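Any chance you could fold what I've pasted below:
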Amino acid sequence: MHAHPAARDDAHLKARLALLEKEKDLNRRRDALSAERRALPPVPVTKRYTFETGAGAWTLADLFGPHSQLLVYHFMFPPEWERGCRSCSLVMDGIDRVLPHLAAAATALVAVARAPWPRLEAFRKRLGWETPFASSGGTDFNADFGVTLPADGLAEAVYNYRPGGAPGPEMPGLSSFTKGADGQVMYRYSTYARGLDPALPVFQLLDLAAEGRNEAAGIMSWVRLRDEYGAEMQQAAG
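Residues are numbered from 1 along each chain as shown. Predicted coordinates:
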């Protein structure tokens with residue numbers, strides 16, 4: 001039996017064991033942080049939001065389906081755009097196939113954007129996603145949950161709980177809700193910016209690779225819609 005390569009290099013093994021202790025500590029702290037997140041005081045959702053879906057007009061409570069938990073991914077796709085955000089599409093590519101596993105844990109996942117539902121549905125079908133989309137166009141939902149900001153006051157607008165943290169008026173995020181037996185929807189948590197990293201499995205894998213996230217040219221500068229990588233490479237070759 002061949003020994004693990006690290007076992008044949010004292011310097012590597014020593015450094016790796018030291019790093020392992022830090023990784024274990026990070027996992028323990030992450031577990032504690034997750035417990036604090038779950039313990040945040042729930043807030044009743046009293047405003048009635050109506051979303052456009054393929055099944056007609058649905059309320060926030062309807063988006064739960066038969067489940068008691070709901071995750072809403074705030075997808076960047078305002079009405080004036082012809083297609084959805086490429087970084088949000090990267091998120092969707094990573095989480096799309098987990099829907100059955102979430103359902104087994106009594107959790108629904110819906111992507112919500114302000115573009116009209118037919119355009120959202122066409123984009124969803126183009127990229128082959130199973131995740132349902134719902135349009136929040138014409139409602140305050142995006143603004144209330146901090147992902148659509150006033151373009152004329154962007155410098156003072158609050159994103160990620162702080163003013164001036166948004167590079168544009170349309171931003172991504174993820175919000176968590178629960179629904180009781182009485183049908184009351186409770187808001188539990190939202191996360192934005194780097195808080196969305198757990199929803200990007202491609203980044204978790206690249207963090208294990210030698211060269212990391214490939215951000216020398218800028219954050220997500222290399223990201224394309226999944227059906228555009230081949231076309232771009234062909235153009236470069238031609």
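
Show the contacting residues for the closest residue to Ser136 other than its chain neighbours.
Leaving aside its chain neighbours, Ser136 sits nearest to Val112 (5.1 Å; criterion: Cβ to Cβ, 6 or more residues apart in numbering). C-beta coordinates here come from the backbone N, C-alpha and C atoms, glycine included. Contacts for Val112 (Cβ atoms under 8 Å, 6 or more residues apart in numbering) come out as 51, 72-75, 133-136, 141-142.

what do you get if the cut-off is 6 Å, keeping everything else the same?
72, 134, 136 (Cβ atoms under 6 Å, 6 or more residues apart in numbering).

Does the closest residue to the second one other than its chain neighbours belong to a helix, a strand or coil?
It refers to Ala134. Using Cβ to Cβ, 6+ apart and skipping residues adjacent in sequence, the residue nearest Ala134 is Phe51, 3.9 Å away. Put simply, Phe51 is strand when judged by DSSP: H, G, I helix; E, B strand; the rest coil.

pLDDT at Phe51, what is it?
Phe51 carries a pLDDT value of 98.

Over to Gly164?
Predicted confidence (pLDDT) for Gly164: 89.

One more: the one 4 residues further on?
In this model, Gly168 is scored at 94, pLDDT.

Counting neighbours, what do you get for Ala15?
Ala15 has 12 neighbouring residues, counting by other Cβ atoms under 10 Å.

tell me the secondary structure for Leu109?
When classified by three-state DSSP, Leu109 comes out as strand.

Give me the number of neighbouring residues for it.
Leu109 has 23 neighbours, counted by other Cβ under 10 Å.

From what I see, it and Val72 are in contact.
No - in this structure Leu109 lies outside contact range of Val72 using Cβ atoms under 6 Å: 8.0 Å.

Now the common contact residues for these two.
Common neighbours of Leu109 and Val72, counting by Cβ under 6 Å, 6+ apart, are absent.

continuing past the strand or helix carrying the residue nearest to Ser136, what's the next helix or strand?
If you go by DSSP states H and E, Val112 is part of strand 107-113. Per DSSP H and E, the first helix or strand lying C-terminal to strand 107-113 is helix 117-126.

buried stuff in that following helix?
Neighbour-count burial for helix 117-126, counted by 16 or more other Cβ atoms under 10 Å, picks out 117, 119-121, 123-124.

Just the C-alpha atoms of it, please, in PDB.
Extracted in PDB, the C-alpha atoms of helix 117-126 (Å, rounded to 0.1, in the frame of the first residue of the first chain):
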ATOM      1  CA  TRP A 117     -43.600  35.700 -15.100                       C
ATOM      2  CA  PRO A 118     -43.700  34.700 -18.800                       C
ATOM      3  CA  ARG A 119     -40.200  36.100 -19.200                       C
ATOM      4  CA  LEU A 120     -39.000  34.400 -16.000                       C
ATOM      5  CA  GLU A 121     -40.500  31.100 -17.200                       C
ATOM      6  CA  ALA A 122     -38.900  31.400 -20.600                       C
ATOM      7  CA  PHE A 123     -35.500  32.000 -19.000                       C
ATOM      8  CA  ARG A 124     -36.000  29.100 -16.500                       C
ATOM      9  CA  LYS A 125     -36.800  26.800 -19.400                       C
ATOM     10  CA  ARG A 126     -33.800  28.000 -21.400                       C
END
